[in-house]
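# no sequence on hand, only this structure:
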Ligand SMILES: Nc1ccn([C@@H]2O[C@H](COP(=O)(O)OP(=O)(O)OP(=O)(O)O)[C@@H](O)[C@H]2O)c(=O)n1
Ligand SMILES: C[C@](O)(CO)[C@H](O)COP(=O)(O)O
């Protein structure tokens, strides 16, 4: 990776093509409303809040790219940031790759951010970008765990599962997005690992498989992923608190 490329512009790929099965029936998850505004728009605004972000690539549900383009056009977004919309794929990994495929040559740093993490504060986004620009090829925001974690032998749903091990909690982190990368490293990871791809639940995990170093910076409790119905309740509560505190 040349220093010149590393110091190129920064883009964010937002995979937003998931159905949101765990959230329950309804529109694709990224298009569901939080405080009256689609989750995706919150996520795009969270990324565009960083002055370092020059381009946001939204990876839309496969049949929903025109609708997503209209949504972005209809909402006030910073003028300094460009937007692209591309249709997504069958898996998160495939959707990210489709977003990477349309990045212009001038982009040296890439963030990948779940549309399902709409409330990440700009300080976290900037910390990830700063660590990449400082030379780390891959950076993830993460938090220590509150629960003890067990490794188990998986069984059918509801059946008791034998415990195999209890990893030392102090050494574990719950990983969030945006995850930040030197562009060439991330593209190489997707070209190399995506062929098989099993078990890669985040982009940094794919970079680890290349043998490249990944570092953790502090995450934020408001960067949680909206996955299940209870997360919508929490997200609405966070937005209500922001409105009360900041007039947001
Ligand atoms: N084929 C897919 C699947 C997921 N995603 C995106 O990846 C992010 C993280 O995925 P997740 O939270 O699991 O979303 P869903 O796949 O929609 O959720 P579920 O697994 O409950 O269906 C989301 O922003 C989702 O839109 C995507 O772009 N393309
Ligand atoms: C990328 C991620 O958000 C990091 O925690 C997570 O792995 C996505 O998992 P999902 O099952 O695709 O939501």
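Sure, I can see it. As the structure is a computational prediction, the values presented were derived from the model and not from experiment. Ligands and ions are numbered 1, 2, ... in the order given.

# residue contacts, the most centrally placed residue in the chain?
Compute the mean C-alpha point of the chain, and by CA atoms, centre = their mean the closest residue is residue 113, 2.2 Å away. By CB atoms under 8 Å, 6 or more residues apart in numbering, residue 113 lies in contact with 12-14, 43, 46-47, 120, 125, 177-179. Every residue, glycine included, has its C-beta placed from N, CA and C.

# ok, so of those, who is nearest residue 61?
Closest approach between the contacts of residue 113 and residue 61, by CB to CB: residue 14, at 12.4 Å.

# wouldn't that closest one be in contact with residue 45 here?
No. At 11.1 Å, residue 14 and residue 45 do not qualify as touching, with contact defined as CB atoms under 8 Å.

# circling back: ligand 1 versus the residue nearest to the centre of the chain, what's the distance?
Counting by CB to the nearest ligand atom, to the nearest Å, the gap from residue 113 to ligand 1 is 8 Å.

# ok, now residue 230?
Residue 230 is 13 Å from ligand 1, by CB to the nearest ligand atom.

# and whichever strand or helix holds that residue, what's buried?
Assigning secondary structure by DSSP states H and E places residue 230 in helix 229-246. In terms of neighbour count (16 or more other CB atoms under 10 Å), helix 229-246 has its buried residues at 232, 235, 238-239.

# returning to what we had before: okay, residue 14 and residue 45: which has more neighbours?
Between residue 14 and residue 45, counted using other CB atoms under 10 Å, residue 14 has the larger neighbour count: 30 against 18.

# quick one, what contacts residue 39?
Residues near residue 39 by CB under 8 Å, 6+ apart: 29-33, 115-116, 118, 226, 235.

# revised request: answer the last question for residue 22.
Taking CB under 8 Å, 6+ apart, we find residue 22 in contact with 227-228.

# model confidence score at it, please.
We have a pLDDT of 96 for residue 22.

# check residue 114 too.
98.

# swap in residue 1?
For residue 1, pLDDT reads 47.

# for residue 77, same thing?
87.

# list the contacts of the nearest residue to it once chain neighbours are set aside.
Nearest residue to residue 77 in three dimensions, chain neighbours excluded: residue 48, at 5.7 Å (CB to CB, 6 or more residues apart in numbering). By CB under 8 Å, 6+ apart, residue 48 lies in contact with 56, 77-78, 81.

# mind checking how far residue 48 is from residue 80?
Between residue 48 and residue 80 the distance is 8 Å, computed by CB to CB, to the nearest Å.

# go on, residue 226?
27 Å.

# before we move on, the earlier item: how near is the nearest residue to the residue nearest to the centre of the chain once chain neighbours are set aside to ligand 1?
Excluding the flanking residues, the one nearest residue 113 by CB to CB, 6+ apart is residue 178, at 3.8 Å. Using CB to the nearest ligand atom, residue 178 is found at 12 Å from ligand 1.

# verify the contact between residue 178 and residue 115 for me.
No. Contact criterion CB under 8 Å: residue 178 and residue 115 do not qualify, at 11.3 Å.

# low-confidence ranges in the protein?
Across the chain, the ranges flagged by pLDDT under 70 are 1-7, 194-199, 247-248.

# quick one, phi/psi of the residue nearest to the centre of the chain?
phi -130, psi 130 (degrees, to the nearest 10).
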